[in-house]
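Asker: below: sequence and its predicted model.
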Amino acid sequence: KAGGDKLFGSVTNIDIAEALEKAGHAIDRKFITSGTVKRTGKYTASVRLHRSVIVDLAYEIVAEQ
């Protein structure tokens, strides 16, 4: 939930891992690097799939209606 563009709480690696799991991709939160997000908007997280494979994952935070 958000008030304007500011979130009540924050979005963390745990939240991103849960969203990926709902989409059918089981990624451990330890392999996701995104920082803490406290505003709505577009962001990028780095996901380590293998020792030598790191993927940038674009995601967007939107307010609930």
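Answerer: Nice, thanks for sending it over. Residues are numbered from 1 along each chain as shown.
Asker: same question for stretch 56-65, mean pLDDT?
Answerer: Stretch 56-65 shows a mean pLDDT of 87.
Asker: so who does the residue positioned nearest the centre of the chain touch?
Answerer: Nearest residue to the geometric centre of the chain (C-alpha atoms, centre = their mean): residue 16, 3.4 Å. Residue 16 is in contact with 29, 32, 34, 45, 57, 59, counting by C-beta atoms under 8 Å, 6 or more residues apart in numbering. Using the backbone N, CA and C atoms, a C-beta is placed for each residue, glycine as well.
Asker: secondary structure class for it?
Answerer: helix (DSSP: H, G, I helix; E, B strand; the rest coil).
Asker: list the buried residues of the host helix or strand of residue 47.
Answerer: Secondary-structure assignment from DSSP states H and E places residue 47 in strand 41-50. Using 16 or more other C-beta atoms under 10 Å as the test for burial, strand 41-50 gives 43, 45, 47.
Asker: neighbouring contacts of that strand?
Answerer: 5, 13, 16, 27, 31-34, 37, 54-61.
Asker: so which of those residues belong to helices?
Answerer: Cross-referencing the contacts of strand 41-50 against helices under DSSP state H gives 13, 16.
Asker: in this protein, where is pLDDT below threshold?
Answerer: Along the chain, segments meeting pLDDT under 70 span 65.
Asker: change it to 80
Answerer: 1-2, 4, 64-65 (pLDDT under 80).
Asker: could you report the distance from residue 42 to residue 34?
Answerer: 12 Å (C-beta to C-beta, to the nearest Å).
Asker: circling back to that earlier point, now, of the contacts of residue 16, which are buried?
Answerer: Among these, those buried by neighbour count (16+ other C-beta under 10 Å) are 32, 34, 45.
Asker: give me the nearest residue to the last one, chain neighbours excluded.
Answerer: What sits nearest to residue 45 in space, not counting adjacent residues and going by C-beta to C-beta, 6 or more residues apart in numbering, is residue 34, at 3.5 Å.
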